[in-house]
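Asker: How does the following fold in three dimensions:
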Amino acid sequence: MSAQIIDGKRIAAEIREEIKRETESLKAKDVRPGLAVVLVGEDPASQVYVRNKAKACEELGFYSEVHRLSAETTQEELLSLIARLNAQSDINGILVQLPLPKHIEEKAVIDAISVEKDVDGFHPVSVGNLLIGDDALQPCTPSGVIELLKRTGNDPAGKHAVVIGRSNIVGKPVSILLLREHATVTICHSRTPDLPAVVRGADIVVAAVGVPKLVKGDWVKPGSVVIDVGVNRLPDGKLCGDVDYEDVSPVAGWITPVPGGVGPMTITMLMLNTLKSAKAAHGIE
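Answerer: Model (predicted):
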């Protein structure tokens with residue numbers, strides 16, 4: 001029996017409708033969520049992401065600013081822009097599109113963003129709050145993964161979740177979020193011995209390692225939930241995830257496709273964070 005598909009596009013659309021309704025109701029209180037996106041340089045993939053974020057803001061009724069800076073922009077100039085946006089009351093979220101040019105230190109830029117406006121959830125204080133369970137704006141892709149699980153009736157509580165990958169952007173935070181949802185969590189990486197055997201014990205598999213079609217059908221437990229965060233381009237130009245979809249889908253109970261699974265959730269959760277930040281700035285529950 002083939003796995004049920006977790007349709008990220010549909011779930012993201014549902015959440016966007018909820019955001020749209022709430023944004024509309026905030027108008028009566030004279031509150032409009034505002035997002036500033038900063039792009040340094042001409043990276044083609046980043047330009048697409050930035051366009052999509054601006055488009056999402058427009059669709060949801062948010063105020064948005066896009067700051068396109070040349071690749072020659074100095075770190076001081078970028079930090080000065082961030083300081084200005086931190087002080088701007090009509091901006092509730094600030095996102096600096098990564099990667100940055102080599103002469104700019106990523107950590108200095110992330111640290112400069114006000115914690116209250118850190119809609120990416122990358123600031124060390126946001127990460128610390130996430131870890132200890134305090135209120136924080138959560139990283140977008142990991143929180144999107146949790147929404148996909150919950151909205152398909154796959155509650156992580158009491159389940160064994162195996163996360164493949166330990167990046168600061170996905171692997172580590174999604175592990176913490178799964179733990180907060182009362183899953184038992186195992187984090188795997190390049191030094192994990194006998195990775196297939198570890199994955200085979202999982203009720204929920206989250207693959208976020210950047211290796212095309214790494215996870216095979218004989219790695220997964222029949223009926224398990226497989227969330228594929230990877231996006232890789234094959235030599236023929238096609239996109240694929242870290243999971244061998246054709247091989248795994250006959251075994252798994254639920255699976256996310258690539259594209260159309262986790263991807264649509266990331267920008268949607270960014271918009272949700274911006275809405276939360278706007279409400280917090282105005283003392284709205």
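
Asker: In terms of pLDDT, where does the residue nearest the centre of the chain sit?
Answerer: Centroid-nearest residue in the chain, with C-alpha atoms, centre = their mean: residue 141, separated by 1.5 Å. Here, the pLDDT recorded for residue 141 equals 98.

Asker: now residue 240
Answerer: According to the prediction, residue 240 has pLDDT 96.

Asker: Quick check: beta-bridge partners of it?
Answerer: residue 232 (DSSP bridges).

Asker: Distance check, it against residue 213.
Answerer: Between residue 240 and residue 213 the distance is 6 Å, computed by C-beta to C-beta, to the nearest Å. Placement of C-beta: from N, CA and C, glycine included.

Asker: Helix, strand, or coil at the closest residue to the residue nearest to the centre of the chain other than its chain neighbours?
Answerer: The shortest distance from residue 141 to any non-neighbouring residue, by C-beta to C-beta, 6 or more residues apart in numbering, is to residue 266 (4.9 Å). Following DSSP: H, G, I helix; E, B strand; the rest coil, we place residue 266 in the helix state.

Asker: quick revisit: which strand or helix spans the residue nearest to the centre of the chain?
Answerer: helix 140-151 (DSSP states H and E).

Asker: Quick check: what element follows that helix along the chain?
Answerer: Heading C-terminal from helix 140-151 (DSSP H and E), you reach strand 160-164.

Asker: in this structure, which segments are predicted with low confidence?
Answerer: Where the chain drops to pLDDT under 70, the residues are 1.

Asker: Next SSE downstream of whichever strand or helix holds residue 48?
Answerer: According to DSSP H and E, residue 48 maps onto helix 44-60. Remark: after helix 44-60, the chain's next helix or strand is strand 63-69, criterion DSSP H and E.

Asker: what about dumping the CA coordinates of that next one to CSV?
Answerer: Below are the C-alpha coordinates for strand 63-69, written out as CSV (Å, rounded to 0.1, in the frame of the first residue of the first chain):
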residue,chain,number,x,y,z
TYR,A,63,3.2,46.0,4.8
SER,A,64,6.5,45.0,3.2
GLU,A,65,9.8,46.5,2.4
VAL,A,66,12.5,44.9,0.2
HIS,A,67,16.0,46.3,0.5
ARG,A,68,18.2,45.2,-2.4
LEU,A,69,21.9,46.0,-1.7
